[in-house]
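Quick one: sequence plus predicted model below, questions after.
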Amino acid sequence: MQTKDYLDLLKNEIHSTVIATVDSEGFPQARVIDIMLVDENNLYFITARGKAFYSQLINKKFVAISGMTSGEGTLSKKAISIHGKVEAIGKKLLERVFEENPYMAEIYQTEESRMALEVFRLYEGQGEFFDLSVKPIVRESFAIGNGKVKETGYYIKETCNGCGTCIPKCPQNCIERTTPYHINQKNCILCGNCYTVCPFEAVEKRN
């Protein structure tokens, strides 16, 4: 999948997401916000200038976004998390927001009532996709704009002697018995069991 595919899933299949910011005192704040538009490397949402959310976006210019598809039970769902830089673009694209999301007209029924609304754009960042509907679970990272996918998670070093202590502890069975052992990153859910139990400290945690 490409970045646009993940963004389309976020808008069309998830749509209502939790967006977290930091307030003026450094405390986390979160609220449910709809993703209104996406394109190749951007996602867009709106808020009103009078809200604390607006002030936090203007002051910090950074958000974390998480959402999950609906379905019958967690193991039928897909989830996406993104963190990145945002900017206000004023009323640009506001007309298109209402065209593509007609339910918003039920909330803001007149042009006058929409005067406080502004569109925000997330233009750079990193995302992670979890597909819980398959076995083993699939985890993929992606970049937005000029964002870079940072190498995170657990990796087995050359000091591994193949003792096998980590194998039964892995919930996804994603550790391969090569020399040294190898973690299939696409299926790793970052639980850290291998890191905790390795008697030779051969598992490295990368943040």
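That came in fine, so what should we check first?

Quick check: residue 34 vs residue 18, distance?
Distance, residue 34 to residue 18, using Cβ to Cβ, to the nearest Å: 11 Å. Just so you know, the C-beta spots here come from the backbone N, C-alpha and C atoms, and that holds for glycine as well.

Hmm, I typed the wrong one, I wanted residue 61.
19 Å.

related to what we said a few turns ago, residue 34 and residue 18: which is more packed in?
residue 34 (17 against 14; other Cβ atoms under 10 Å).

Give me the domain ranges for the protein.
Here the domain assignment for the chain is 3-144, 153-206, based on automatic domain parsing.

Please render the ones you listed as JSON lines that adds mean pLDDT to the earlier fields.
As requested, the domains of the chain are exported to JSON lines (pLDDT from 0 to 100):
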{"stretch": "domain 3-144", "mean pLDDT": "96"}
{"stretch": "domain 153-206", "mean pLDDT": "96"}
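
Contacts only, for residue 2.
residue 142 (Cβ atoms under 8 Å, 6 or more residues apart in numbering).

Break down this structure into its strands, ranges please.
Using DSSP state E, the strands of the chain run over residues 16-22, 28-34, 37-38, 43-48, 62-68, 78-88, 117-131, 138-144, 153-156, 175-176, 182-183, 203-206.

Tell me which of those sits nearest to residue 111.
strand 117-131 (10.5 Å; Cβ to Cβ).

Strand 138-144 and the closest one, what's the angle between them?
Interaxial angle of strand 117-131 relative to strand 138-144 (axes from the mean of the first three to the mean of the last three Cα atoms, to 10 degrees): 150 degrees.

Please tell me how far the closest residue in space to residue 104 that isn't next to it in sequence sits from residue 109.
Leaving aside its sequence neighbours, residue 104 sits nearest to residue 98 (Cβ to Cβ, 6 or more residues apart in numbering; 5.4 Å). Separation of residue 98 from residue 109 (Cβ to Cβ) stands at 11 Å.

and if you look at residue 5?
Using Cβ to Cβ, residue 5 is found at 34 Å from residue 109.

Then residue 199?
Separation of residue 199 from residue 109 (Cβ to Cβ) stands at 66 Å.

What's opposite the residue most central in space within the chain in the beta bridge?
Of all residues in the chain, the one closest to the mean position by Cα atoms, centre = their mean is residue 81, 1.3 Å from it. When bridges are called by DSSP bridges, residue 81 pairs up with residue 66, residue 128.

before we move on, what about the one 4 residues further on?
For residue 85, the beta-bridge assignment (DSSP bridges) gives partners residue 62, residue 124.

thinking again about what came up before, go ahead and confirm the residue nearest to residue 104 touches residue 106.
No. Between residue 98 and residue 106 there is no contact under Cβ atoms under 8 Å: 10.6 Å.

the more surrounded of these two?
residue 98 (18 against 7).

Let me see the contact set for that one.
Neighbour list for residue 98: 104-105, 108, 114 [criterion: Cβ under 8 Å, 6+ apart].
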